[in-house]
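Student: coords please:
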Amino acid sequence: MISQNLISQPNLEMLLEADELGIRLEVTGGLTTWELSPMKSHQKVVDRIRASIKVTLETCECVHYADVFVRFCDSSLKRPDISVFCREPIEENTPITLTPAAVIEVISKGYEAKDLELNPPFYLGAGVLDILVLDPATNEVWHFRADLEQPQKYVSPMTLKLECGCEVTI
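Tutor: Down below sits the predicted model:
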């Protein structure tokens with residue numbers, strides 16, 4: 001569900017307080033969105049995907065984190081289900097400022113518009129090379145890249161090589 005909050009730019013403390021209540025807030029290009037914290041089935045899919053990520057080219061370390069705050073250059077604060085970085089981000093207790101090489105989102109029922117319509121154009125505009133979106137209810141996978149006019153659509157499970165040099169089974 002996409003919902004514009006009356007608060008135009010919540011700060012990190014507000015986002016963390018909402019998290020304690022089981023609400024995930026994000027700021028995407030000035031638009032505040034929310035969703036309930038993911039369920040166990042969602043996290044199992046995220047864990048399965050993360051376990052499959054491996055290095056195929058030595059140009060990227062394929063460091064990956066689940067549900068970590070990333071601050072983009074326009075001050076947007078996002079929490080991708082999986083963020084893949086080519087090197088270890090330096091931040092430990094603040095949002096990561098390194099742009100992920102790839103982002104993987106797992107759709108939760110009711111939040112399809114956020115994951116398929118709002119997030120991919122934002123991530124592409126921010127310099128993310130590959131955006132993968134999985135709908136576990138249908139096993140459909142969308143692969144967004146800047147060099148593609150339309151996203152590629154696949155059926156899970158399948159293995160994809162990412163532009164950064166990582167491989168993932170989604």
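Student: Name the residues of the worst-scoring helix or strand of the chain on mean pLDDT that come out as buried.
Tutor: One helix or strand of the chain scores below all others by mean pLDDT, DSSP states H and E: helix 12-20, with a mean of 78. Residues 15, 18 are the ones in helix 12-20 that count as buried (16 or more other CB atoms under 10 Å). Every C-beta, even on glycine, is put in place using the N, C-alpha and C of the backbone.
Student: Do a quick rundown of the helices in this protein.
Tutor: Per DSSP state H, the chain carries helices over the ranges 12-20, 40-52, 112-113, 119-125.
Student: hey, which of those helices is tucked in deepest?
Tutor: helix 119-125 (a mean of 19; mean count of other CB atoms under 10 Å).
Student: which other residues reach that helix?
Tutor: Helix 119-125 is contacted from outside by 28-29, 76, 78, 103, 105, 131, 133, 142, 144-146, 151, using CB atoms under 8 Å, 6 or more residues apart in numbering.
Student: can you pick the most crowded of the residues you listed?
Tutor: residue 103 (26 neighbours; other CB atoms under 10 Å).
Student: Surely that one and residue 82 touch.
Tutor: Yes: Residue 103 is within contact range of residue 82, at 7.0 Å (criterion: CB atoms under 8 Å).
Student: Run through this protein and note the low-pLDDT ranges.
Tutor: Low-confidence segments of the chain, defined by pLDDT under 70: 1-10.
Student: residues touching the spatially most central residue of it, list them.
Tutor: Nearest to the geometric centre of the chain sits residue 80, at 2.6 Å (CA atoms, centre = their mean). Counting by CB under 8 Å, 6+ apart, residue 80 touches 67, 68, 70, 100, 103, 104, 105.
Student: try 10 Å
Tutor: 26, 64-70, 100, 102-106, 115, 119, 123, 128, 131 (CB atoms under 10 Å, 6 or more residues apart in numbering).
Student: Residue 129 contacts residue 148, doesn't it?
Tutor: No: contact between residue 129 and residue 148 fails when scored by CB atoms under 10 Å: they sit 11.4 Å apart.
Student: okay, those two: which has more neighbours?
Tutor: Set side by side, residue 129 and residue 148 show more neighbours around residue 129, with 21 against 10, by other CB under 10 Å.
Student: returning to what we had before: show me whatever sits in contact with both of residue 103 and residue 82.
Tutor: residue 132.
Student: wait, which of the contacts of helix 119-125 is closest to residue 170?
Tutor: Among the contacts of helix 119-125, residue 133 lies closest to residue 170 (CB to CB), at 9.3 Å.
Student: Now do the same contact list for the closest one.
Tutor: 81, 103-107, 112, 115-116, 119-120, 140-144, 151, 153, 170.
Student: Alright, I will stop here.
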